[in-house]
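K.L.:
Give the three-dimensional model of this entry:
(one chain, ligands or ions: 1)
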Amino acid sequence: MAIKRIVKYPDPVLRKKTKQVTEFGEDLQKLIEDMADTMYDAPGVGLAANQIGENQQVVVIDITPQEEEKQLLVLVNPEILDKEGEQIGEEGCLSVLELSAKVKRYKKVCIKAQDIDGKPIQMDAEDLLARVIQHELDHLHGKLFVDHISTLKRSFYKKKLKKILQEQQGEDVENKST
Ligand code: NI
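P.N.:
From the prediction side, this is the model:
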């Protein structure tokens with residue numbers, strides 16, 4: 001069990017397209033365990049491998065409410081096969097500090113992927129699950145939900161983020177000195 005540091009926007013690591021997984025062995029299993037631990041600890045409903053600095057096409061998702069039993073969905077090399085409809089909903093991201101915004105997504109998606117052992121999966125998802133899948137697949141393509149918001153909102157956010165990061169650095173310095 002290992003909780004990893006989550007890479008934060010605007011780190012360029014988040015902008016790189018991830019590579020297809022070709023080996024389904026112990027390393028992949030370890031990565032998926034770490035991703036799940038990191039996501040549940042955050043807590044979040046989804047996490048892509050590049051959010052912990054691993055350049056691989058892997059996402060973990062769990063949209064079940066915290067008080068219910070965990071239902072981890074692991075998608076390796078996921079791809080959207082088909083999409084339909086439209087939904088608008090509030091999104092946030094573990095890599096994007098203190099921002100949530102309304103984002104337009106497809107209402108339904110049909111995806112294919114592989115599981116932890118490399119077995120093919122095909123599934124339909126709608127509403128929240130479809131939204132989270134689209135958000136996580138965006139990550140694998142180097143895209144973030146802030147790309148879906150207006151330029152004006154984004155520039156306001158960048159200013160706010162600069163302040164937050166400066167304040168955090170200030171705290172780090174203080175912590176180190178005590
Ligand atoms: Ni995210």
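K.L.:
helices and strands around the longest strand seen in the chain, which ones?
P.N.:
For the chain, the strand with the greatest residue count under DSSP state E is strand 73-84. In terms of contacts (3 or more C-beta pairs under 8 Å, 6 or more residues apart in numbering; DSSP states H and E), strand 73-84 is packed against strand 58-61, strand 108-114, helix 127-140. Where C-beta positions appear, they are placed from N, C-alpha and C, glycine not excepted.
K.L.:
Pull the contacting residues for the closest residue to Val76 other than its chain neighbours.
P.N.:
Using C-beta to C-beta, 6 or more residues apart in numbering and skipping the chain neighbours, the partner closest in space to Val76 is Gln114 (4.4 Å). By C-beta atoms under 8 Å, 6 or more residues apart in numbering, the residues touching Gln114 are Val21, Phe24, Leu75, Val76, Asn77, Pro120, Ile121.
K.L.:
now swap in Leu128 and tell me
P.N.:
Ile63, Gly89 are the contacts of Leu128 under C-beta under 8 Å, 6+ apart.
K.L.:
quick revisit: mean pLDDT and distance to Glu86 added to the helices and strands packed on strand 73-84, as JSON lines?
P.N.:
Converted to JSON lines, the helices and strands packed on strand 73-84 look like this (pLDDT from 0 to 100; distance: least, C-beta to C-beta, whole Å):
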{"stretch": "strand 58-61", "mean pLDDT": "98", "distance to Glu86": "21"}
{"stretch": "strand 108-114", "mean pLDDT": "98", "distance to Glu86": "10"}
{"stretch": "helix 127-140", "mean pLDDT": "98", "distance to Glu86": "11"}
